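In: Sequence first, then the predicted structure:
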Amino acid sequence: MTLSDSDLLVLLSLVVAATALLAVAPRIGVPYPILLVLGGLALGVMPGMPRLELPPEAVLVGVLPPLLYAAAFFTGLRDLRANARTIGLLSVGLVLTTTVAVAVAAHTVIGMSWASAFVLGAVVSPTDPLAATAIAQRLGVPRRLVAIIEGESLVNDGTALVAYKFAVAAVVTGTFSLVDASIAFVWNIAGGIGIGLAVGWIVRQVRRRLDNPPVEITIAIVTGYLAYIPADLLNASGVLAVVTAGVYIGWHTPELTTVQTRLQGDAVWEILTFLLNAFLFILVGLQLPVVLDALGDPSPGTLAGQAAVIVAVVILVRFLWIYPAAYLPRKLSAGLRARDPAPPWRHPTLIAWAGMRGAVSLAAALAIPLRTDAGQPFPGRPLIIFLTFAVILATLVVQGLTMPLVIRALGLEDDHVVEREETKARVHAADAALARIEELAGEDWVRDDTAERLRGLYDFRRSRFAARYHGDEDGGIEERSAAYQQLLRSLLQAEREAVLQLRSDGVIGDEAMRNVHRDLDLEEARLDR
């Protein structure tokens, strides 16, 4: 296929617009998913803009596995275990309740068939944490709330897409058996987890025998596909397979990787997930005109009313579920009350308001088959996609933009758990370094003046972080550290400028300059933030 000049100009305008939106988002304090959705919508309705249509499954299979893998990889297993009950109630109970409630509303109010209504319910039931956690971390809320929001969105994708799979199959085949569905449901969960563990174990065995950062990072990127595709071929849950593999590999990564691999890998994953999410969220806006064209003749008022019904059900069900789920189990179990006291009402309120929809709902909606096995168009497909877009837009834009106001109104503040844990880890690391110095001080290759200099360095570091952790420091040691770091940064900058001048004068080449600059950057990165 040859692109015309006009197509190239349109592609250029999309790239420029997306880049501009990404650059503007942090300056105006708006999470980039929200800005990209609105920007994509504005681009989609511009005169002369081509209609962008993607084949079903392209987004679900092509984009979702690496995003899910990255989310699982960077999710702390401790946080998942500590909040397992809460996350389970949200990611299983709330997802299934939302699916049923939306299906009932879509069937009784809008007039969808039951099968298509359940497809819609499954599509809009999972949440997306991207905008919510970005706002929560920027404004500062208790760490546990962020962990619950992230854990819910990680696990509820599996529940929602398993339900989605059964609902779509019922529409496509025209048949549904409760017994067969129950057996398939168990296999979806057990098979997905089992395949994920198997793939994770195999990848772990391969990577522990490698010492090649580009190859290891490439394997990490494709691990999501290595888990998703076999699970999908075996009719198990590809989502659960990817999530399981991601959590497994994330837990074992420290023993598999070198410093260079970790530094390069973190940078690659940050950029990759950023670009994939940016692509998906701008796609939300660009696809809307295509969906509206496929809807046919319904009046704007009718569409707006239908969208309002589904959006209201999605938001209301979340509130109606979260408060009883937070307090009723503790009312019924004294043991649970003792282990995990009831949270203040402000915590479940924020979690209820953080139910934004995003990439997974979009991918699932676009992956709905075009036709059934009988050759007929998938009933209600354009309307399902439109209503999904409406839910994404309403929850992401309205709830996302108002979340800072909600956080401030609730009076939530950062509990500094992560900072305290990091400080504790630094103290422990300094103790380990001091102990190792004493072990090695008698070795022939360790000079006395070098060991003494390092003892002073680590003693100061330990004292500084211990004072910060215990909160019994008057500020003097922090002032000394800040002055030292300011001086060191100035010296490092002088080194960079000197090396750059050598490159500019033709004394050294670019590769030598980059290697020295990288070492200087790593040295500065070690300084306290």
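Out: Yep, it's here. Model, not experiment: these values are computed from the prediction. Residues are numbered from 1 along each chain as shown.
In: what element comes up after whichever strand or helix holds V179 heading to the C-terminus?
Out: Assigned by DSSP states H and E, V179 belongs to helix 178-207. The first helix or strand that comes after helix 178-207 along the chain, using DSSP H and E, is helix 213-233.
In: just how off-centre is that next one within its chain?
Out: 17 Å (C-alpha atoms, centre = their mean, to the nearest Å).
In: again, but for stretch 335-343
Out: Relative to the chain's own centre, stretch 335-343 is displaced by 29 Å; criterion: C-alpha atoms, centre = their mean.
In: middle-most residue in the protein, spatially?
Out: By C-alpha atoms, centre = their mean, the chain has its centre lying nearest to A71, at 4.6 Å.
In: Show me what the mean pLDDT comes to for the helix holding V179.
Out: What helix 178-207 shows for mean pLDDT is 89.
In: Any buried residues in it, and which?
Out: 184, 188-189, 191-200, 203-204, 207 (16 or more other C-beta atoms under 10 Å). The way it works is simple: take the backbone N, C-alpha and C, and place the C-beta from them, glycine included.
In: now stretch 20-32
Out: Quick answer for stretch 20-32 (16+ other C-beta under 10 Å): L21, L22, A25, V30, P31, Y32.
In: Filter the residues you listed down to the ones in helices?
Out: When these are checked against helices (DSSP state H), the matches are L21, L22, A25, Y32.
In: Identify the residue spatially nearest to the last one, adjacent ones excluded.
Out: Pointing back at Y32 there. Nearest non-adjacent residue to Y32, counting by C-beta to C-beta, 6 or more residues apart in numbering: A25, 4.0 Å away.
In: give me every residue that touches the one you found.
Out: With contacts defined as C-beta atoms under 8 Å, 6 or more residues apart in numbering, the neighbours of A25 are P31, Y32, L35, L36.
In: Per-residue pLDDT of it, please?
Out: pLDDT, the model's per-residue confidence, is 77 for A25.
In: Verify the stated contact: R144 with I87.
Out: No. Using C-beta atoms under 8 Å, R144 is not in contact with I87; the gap is 11.1 Å.
In: Residue ranges of each domain in the protein, please.
Out: 30-413, 416-473 (automatic domain parsing).
In: export the ones in helices among the buried residues of stretch 20-32 to TSV and tack on distance to A430?
Out: Formatted as TSV, those follow (distance: C-beta to C-beta, whole Å):
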residue	distance to A430
L21	43
L22	39
A25	38
Y32	38
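In: Between the residues you listed, which sits nearest Q399?
Out: Y32 (15.9 Å; C-beta to C-beta).
In: show me what contacts the closest one?
Out: Residues counted as contacts of Y32 (C-beta under 8 Å, 6+ apart) are L21, L22, A25, P26, A278, F281.
In: T261 too?
Out: Applying C-beta under 8 Å, 6+ apart to T261 gives the contacts P213, E216, I217.
In: which one of those residues has the most neighbours?
Out: Greatest neighbour count in the contacts of T261, by other C-beta atoms under 10 Å, goes to E216: 23 neighbours.
In: Backbone dihedrals for the residue in the chain sticking out farthest from the centre, please?
Out: Distance to the chain centre peaks in the chain at D444, reaching 50.0 Å (criterion: C-alpha atoms, centre = their mean). Main-chain dihedrals, D444, degrees, to the nearest 10: phi -60, psi -30.
In: same question, R371
Out: R371 adopts backbone torsions of phi -140, psi 160, taken as degrees, to the nearest 10.
In: Give the burial count for it, as a bare number.
Out: When neighbours are counted by other C-beta under 10 Å, R371 registers 12.
In: try A134
Out: Using other C-beta under 10 Å, A134 has 18 other residues around it.
In: Kindly report the same for the one 4 residues further on.
Out: When counting by other C-beta under 10 Å, one arrives at 13 neighbours for R138.
In: Much appreciated, bye for now.
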